[in-house]
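J.: 3D, please:
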Amino acid sequence: MTRCQFTRAFNIPLSKVYDYYSNIQEYTQRYPRHYSKIDVISSSDDNSINTRQFLNISLDRNQDHVNVEVKYTFVPQKEIQYEIKGYGKTVIKNSMWFRGAEEYQCAVEINHVPLDLICYPPHSMECDMIRYNEYSRMIEYLMEQDLQHLENKRMGWPIGDSCKKCGKGTLQSRGKKEDTGDRRIETLVCDYCRSEFANQRVESYDTIVFDERK
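T.: Take a look at the predicted model:
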């Protein structure tokens with residue numbers, strides 16, 4: 001079984017979070033960059049479905065997509081197990097785990113099929129910067145999509161957006177990025193009034209904070 005890729009904590013009822021992740025067919029709408037197509041081949045009464053998935057993944061310089069079959073087994077509000085067939089010589093197995101301490105607090109150990117594939121075989125990223133960079137971008141993308149679709153939070157100030165202070169200029173990147181290990185900060189500046197805005201990701205607390213610098 002593959003390791004946990006990343007963990008998220010939510011101030012949302014566990015039942016809502018579980019329903020969100022267990023709706024596999026919605027992944028093409030939530031994560032269209034990587035889940036291009038998902039077809040349900042069959043389903044059974046024991047809370048499992050078999051799917052065929054067409055995924056957009058940059059595995060190397062010559063391969064940017066893959067077809068696999070994935071079986072999901074659902075343990076309500078506790079676990080989503082899945083098995084991947086059709087890539088590599090073995091069946092790749094992993095799960096999402098859910099736990100909740102209170103009605104409006106829960107945590108999820110999150111895994112995704114594209115992440116598992118890009119990590120296969122084990123240690124494949126240690127000497128492959130293409131895979132490592134794609135893996136990092138993929139996790140950031142998945143987190144930001146959940147921020148929008150599950151938590152209904154805005155995703156910061158995009159480059160080219162109108163300035164919220166003067167309303168006359170547009171936001172441009174200063175080319176200034178800070179990465180302290182647990183925080184990633186990108187500074188944008190208005191090309192008219194020179195106001196600065198910071199898109200700040202606090203990695204250790206699985207949230208994204210957006211600040212006006214001045």
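
J.: name the helix or strand of this protein that has the lowest mean pLDDT.
T.: Per-element confidence for the chain was summarised using mean pLDDT, DSSP states H and E. The lowest value among helices and strands belongs to strand 207-212, with a mean of 41.

J.: quick check, central residue of this protein?
T.: Here the mean C-alpha position of the chain is nearest to the C-alpha of Leu142 (Cα atoms, centre = their mean), at a distance of 1.4 Å.

J.: against Met96, how distant is that residue?
T.: Noted for Leu142: a distance of 12 Å to Met96, by Cβ to Cβ, to the nearest Å. C-beta here means a position set from N, CA and C on the backbone, and glycine is covered the same way.

J.: overlap of the contact sets of those two?
T.: Taking Cβ atoms under 8 Å, 6 or more residues apart in numbering as the criterion, Leu142 and Met96 both touch Ile110.

J.: residues contacting the helix or strand hosting Leu117, please?
T.: When elements are defined using DSSP states H and E, Leu117 is found to belong to helix 113-118. With contacts defined as Cβ under 8 Å, 6+ apart, helix 113-118 is touched by 2, 5, 34-35, 53, 55, 57, 59, 66, 68, 70, 82, 84, 87, 92, 94, 124-125, 131, 134-135, 138-139, 142.

J.: show me how far it is from its chain's centre.
T.: The gap between the average C-alpha position of helix 113-118 and the chain average comes to 11 Å, counting by Cα atoms, centre = their mean, to the nearest Å.

J.: and for stretch 68-80?
T.: Relative to its parent chain, stretch 68-80 has a centroid offset of 17 Å by Cα atoms, centre = their mean.

J.: what residues of that stretch count as buried?
T.: Under the neighbour-count criterion of 16 or more other Cβ atoms under 10 Å, stretch 68-80 has 68-72, 74, 77, 80 buried.

J.: mind checking which of the contacts of helix 113-118 land in strands?
T.: Among the contacts of helix 113-118, the members found in strands (DSSP state E) are 35, 53, 55, 57, 59, 66, 68, 70, 82, 84, 92, 94.

J.: which of those residues are buried?
T.: Applying a neighbour-count criterion of 16+ other Cβ under 10 Å, the buried members of those are 35, 53, 55, 57, 59, 66, 68, 70, 82, 84, 92, 94.
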